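A.B. asks: mind folding the following:
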Amino acid sequence: MRISADKLSLMADRLRALLDAGIAISSELSLDSLLQKLAETAAELTGARYAALGVIDPSGRELERFLTHGIDPETHAAIGDLPRGRGILGVLIKDATPLRLPDLTADARSVGFPPHHPPMKTLLGVPIMLRGMAYGNLYLTEKEGGATFTEEDEEIVTLLASQAAVAIENARLYEAATRWSRQLESLNEVGNAMATETEPQAILDLVARRLHALIDARILIIWLPTRDSKLRVDTVSGDGAEALLGLETDLSESKTGRVFRAARSTRVDSVLDDPEIDQDVARQIGARAALWVPLLAKGRAIGVIAAFDKAGNAHFSDADLRLCETFAERAALAVELSQRVARDALRRVVEAQELERRRLARELHDETGQALTSVLLGLRGCDEATSLDEVHSVSANVRELVVQTLQDVRRLAVELRPKTLDDFGLVAALERLSAGFAEQTGVAVELESRLSEARLPSEVETVLYRIVQEALTNVVKHAQAEHVSIVLTPKDSSVMAVIEDDGRGFSSEGDGEGLGLVGMRERVALIDGRLEIESSEGIGTTILVEVPVK
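C.D. replies: A predicted model of the protein is given here:
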């Protein structure tokens, strides 16, 4: 059989185009770009007006992706949902052999076209296979000039499909490796944040941002429970998601609430077909597909992660669900840890308050109570006096007792919360405290402040004041010191106080930690400060406290 020169030239051109296409698709590592390139190349090689490439899902029963060439975006939007692999499209899924039809509408296996679909008649379908495994199918319709697709068209598209299968496998392997690398990097970042970050909100924000990007969701939400048995949107990621912050949903009337109560993950491919989503945020934001994953702590749900609409109108996969569950474990740990820290901090505060109340109660009973009893006895002496001079004498004694009692009450009030600290700040309050201490005890107190006139945060001033106050109490009760030095020094993001005395000190092996020092440590720990104590018998004690200034 003799082949004309024109036909030989056409075959050479098509083979050259096929070779160029093979080189182009082999160098493409993005799977979506590769699939689109394949559809365009197949249409160019065969003269087809329309081309499509369907990717078969892991079940092997339907298409999970469907890319087209030749259909404009407006027509795409008018057609609506992309095909899943029924009718003629499903023939190649069930029987992975090439298919050529002169009129696909006349085939008994055709189920017709949806509204607004452009008319199509001729068809060439070729499976994309490698080592007996079908990755997808190439569909070509409407060959130029109204002609039917030829055997040569089938051969050249089959060759293209063989090259494409290798390129698709390489692209999938590359994307899987890249995706795993991104997931591992994000998990490491979240783990590092949990080791260094004390605020749970920062960790939840990081989890939402990273997970949102990894699963290609349109919007990702983290719900946390409220005190009135509802769930509130606490953290969001995605375009326009900020408007959802603070939104609440009921535990019994929403998909989110049901996932929370059941403590079990779920995935929905069609939100519109799920009756449980009637009052959920998924319907409010117009979501098409969604997944929900509970934040579990010791088997108990303490929140929910919800993701809506995977990019490319695809459904969320089982791998997406498992990845969300992995990140949910980290988020749950962060939330539970913050709640535990808050409970422990509150417990320590309450215990410290109770200890302070007991001490004040003892002083009110032992000192103020006895002083008031003495006043009452003194007043009885006035009643029993037999002369004016005796009344004056008893009255003077009672007046002296009242003055002493008033001083004791004022001292207790200052110990509870000095008014100077609130009105004038730390330095002024310490100056008054030092002066009063020196006057009452005879111990010389030297206060040096290198702080600026600007006020420190209230909690910082309170902690430093209480530490100095407790240190002075220890000096008078235990140290037998003659001199005390207090130095306040600012640093880059903290304030440091050093309290030194020349008293008898204590041994590190003794019971020095019982001298109110345990309370000091707990008070400083509540605001992430640092406390160091140096003491030896006979050479005094040095207390260094450093607290951060936020």
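
A.B. asks: could you list the low-pLDDT ranges of the stretch 251-400 of the chain?
C.D. replies: For the stretch 251-400 of the chain, residues meeting the criterion pLDDT under 70 lie at 278-280, 312-313, 339, 341-343, 345-369, 371.

A.B. asks: again, 90 this time
C.D. replies: Along the stretch 251-400 of the chain, segments meeting pLDDT under 90 span 251-258, 268-290, 295-303, 309-400.

A.B. asks: now the helices for it?
C.D. replies: Applying DSSP state H, counting those that start in this stretch to the stretch 251-400 of the chain gives helices spanning 255-262, 281-284, 318-363, 369-384, 388-416.

A.B. asks: residue 86 and residue 94: what is the separation?
C.D. replies: 11 Å (Cβ to Cβ, to the nearest Å). For every residue, glycine as well, the C-beta is placed using N, CA and C.

A.B. asks: more crowded one of the two?
C.D. replies: Between residue 86 and residue 94, counted using other Cβ atoms under 10 Å, the more crowded position is residue 86 (13 against 9).

A.B. asks: that one: what secondary structure?
C.D. replies: coil (DSSP: H, G, I helix; E, B strand; the rest coil).

A.B. asks: give me the phi and psi for it.
C.D. replies: Main-chain dihedrals, residue 86, degrees, to the nearest 10: phi -110, psi 170.

A.B. asks: same check on residue 235?
C.D. replies: Dihedral angles (degrees, to the nearest 10) for residue 235: phi -140, psi 140.

A.B. asks: cool, and the one 3 residues further on?
C.D. replies: The main-chain torsion angles of residue 238 are listed as degrees, to the nearest 10 and equal phi 130, psi 160.

A.B. asks: over to the one 10 residues further on?
C.D. replies: Dihedral pair for residue 248: phi -120, psi 150, per degrees, to the nearest 10.

A.B. asks: how near is the most centrally placed residue in the chain to residue 110?
C.D. replies: Of all residues in the chain, the one closest to the mean position by Cα atoms, centre = their mean is residue 204, 0.9 Å from it. Counting by Cβ to Cβ, the separation of residue 204 from residue 110 is 51 Å.

A.B. asks: check residue 311 too.
C.D. replies: 31 Å.

A.B. asks: neighbour count winner among those two?
C.D. replies: Under the neighbour definition other Cβ under 10 Å, residue 311 and residue 110 were set side by side, and residue 110 has more, 16 against 10.

A.B. asks: could you measure from the more buried one over to residue 49?
C.D. replies: Counting by Cβ to Cβ, the gap from residue 110 to residue 49 is 19 Å.

A.B. asks: cool, residue 207 as well?
C.D. replies: 47 Å.

A.B. asks: compare those two (neighbour count), which wins?
C.D. replies: The residue with more neighbours, out of residue 207 and residue 49, is residue 207; 29 against 16, by other Cβ under 10 Å.

A.B. asks: what residues are up against that one?
C.D. replies: With contact taken as Cβ atoms under 8 Å, 6 or more residues apart in numbering, residue 207 is in contact with 190, 222, 235, 305, 327, 330, 331, 334.

A.B. asks: OK, contacts around the residue nearest to the fifth one when sequence neighbours are not counted?
C.D. replies: Read that as residue 327. Among residues not flanking residue 327 along the chain, residue 211 sits closest, at 4.7 Å (Cβ to Cβ, 6 or more residues apart in numbering). By Cβ under 8 Å, 6+ apart, the contact set of residue 211 is 186, 217, 220, 237, 305, 307, 323, 324, 327.

A.B. asks: where's residue 211 relative to residue 271, distance?
C.D. replies: In this view, residue 211 and residue 271 are 19 Å apart by Cβ to Cβ.

A.B. asks: ok, back up a step: could I get the contacts of residue 211 as a markdown table with neighbour count and distance to residue 60?
C.D. replies: Below are these laid out as a markdown table (neighbours: other Cβ atoms under 10 Å; distance: Cβ to Cβ, whole Å):
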| residue | neighbour count | distance to residue 60 |
| --- | --- | --- |
| 186 | 21 | 31 |
| 217 | 26 | 26 |
| 220 | 26 | 30 |
| 237 | 21 | 34 |
| 305 | 27 | 30 |
| 307 | 28 | 26 |
| 323 | 20 | 23 |
| 324 | 26 | 25 |
| 327 | 25 | 30 |
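
A.B. asks: what's the closest of those to residue 73?
C.D. replies: residue 217 (22.4 Å; Cβ to Cβ).

A.B. asks: perfect, I'm done here.
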